[in-house]
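1. When you get a sec, could you give me coordinates for this:
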Amino acid sequence: MSLLAALCGRGEVSLRSGVVLSLLAACSAQAGIITDTAYFTPFPHTKINFETDGAGSTIGLIQGQTQVMPLNAYSNLGVDFLTPVRWVNDGNAAFDAAQILGGSPANAIPSSFVSSFSFAFTVPVRAMGMFVVNNRLQDAAGPTFSLYDTQNVLITTVQFGGVFVDDTITIPNTTADYGFMGFEADRDIARVEVTKVHAIFDDLYFTAVPAPGVLALAGVGLGLVSRRARRMA
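-> Sure, this is the predicted structure:
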């Protein structure tokens, strides 16, 4: 059960009117979705911010520059990329601003050269997510994650938009929706396939989720509610 599902099941959506509306909308969505990095805070987890490679060496890119990422760049952290991808310091001002607010400036993946890519976890993973910035003018539907288990069976496909969007930054030719998009599965997530039109992805989080009972801790629940409430203010 996700933290969101735990809150909904316990009736903790009666905190305050603004939070109520947000949580009711989220509760009606798929129970396994993760919309905030705070979900990972109580658990041992891995965060890859793409500012460095797996060895900790800085990826120094100027605005608009890209660099080919070795498929094994983060193998020592438990992730192998299966298709070519690039680090990118995107030159779009709205994307840059969104990364400052919710991601890790300045690098992300995969650059405009890539419209789809995939990666595999080499460690047990039950929950994962990434910070997403999407230009809605170029892709109204939004990018997707397709998650597969160790038997190569599709677990779910998650599409950006709706409850995942924290806010929007608008400049000429860009309407940048941004937010954190993730999913908690009931079995190990072995592989993730990503498709996009005009989006970047930052701050990959993943964890082998402990027993569901841990998610019901009041402090964790209220922390997430408080953070979401501040975003709505």
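2. Let me see the confidence value for S112.
-> S112 is assigned 88 on the pLDDT scale.
3. what stretches of this protein score poorly on pLDDT?
-> 1-31, 210-233 (pLDDT under 70).
4. Could you pick out the longest strand of this protein?
-> strand 174-184 (DSSP state E).
5. Report the buried residues of the following helix or strand past that one.
-> Downstream of strand 174-184, the first helix or strand assigned by DSSP states H and E is strand 191-195. By 16 or more other Cβ atoms under 10 Å, the buried positions in strand 191-195 come out as R191, V192, E193, V194, T195. C-betas here are computed from N, CA, C, even on glycine.
6. Contacts for strand 191-195 next, please.
-> 82, 110, 115-121, 128, 143-148, 152, 201 (Cβ atoms under 8 Å, 6 or more residues apart in numbering).
7. What subset of those residues is buried?
-> Buried members of the contacts of strand 191-195, counted by 16+ other Cβ under 10 Å: 110, 117-119, 121, 128, 143-148, 201.
8. coming back round to it: dump the buried residues of strand 191-195 to a markdown table, plus distance to A208.
-> Formatted as a markdown table, the buried residues of strand 191-195 follow (distance: Cβ to Cβ, whole Å):
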| residue | distance to A208 |
| --- | --- |
| R191 | 16 |
| V192 | 15 |
| E193 | 21 |
| V194 | 21 |
| T195 | 26 |
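9. so, if you compare those, which one comes nearest to K47?
-> V192 (15.6 Å; Cβ to Cβ).
10. What does the residue nearest the centre of the chain show for phi and psi?
-> The chain has M130 as the residue nearest its centroid, 2.0 Å off, counting by Cα atoms, centre = their mean. Note on M130: its backbone torsions stand at phi -140, psi 150 [degrees, to the nearest 10].
11. just R187 next, same as before
-> The phi/psi pair for R187 (degrees, to the nearest 10) reads phi -150, psi 170.
12. list the contacts for it?
-> R126, D149, T150, I155.
13. what's the distance between the residue lying closest to P44 once chain neighbours are set aside and F183?
-> Spatially, and ignoring its direct neighbours in sequence, P44 is nearest to T207 (6.6 Å; Cβ to Cβ, 6 or more residues apart in numbering). Using Cβ to Cβ, to the nearest Å, we find T207 at a distance of 12 Å from F183.
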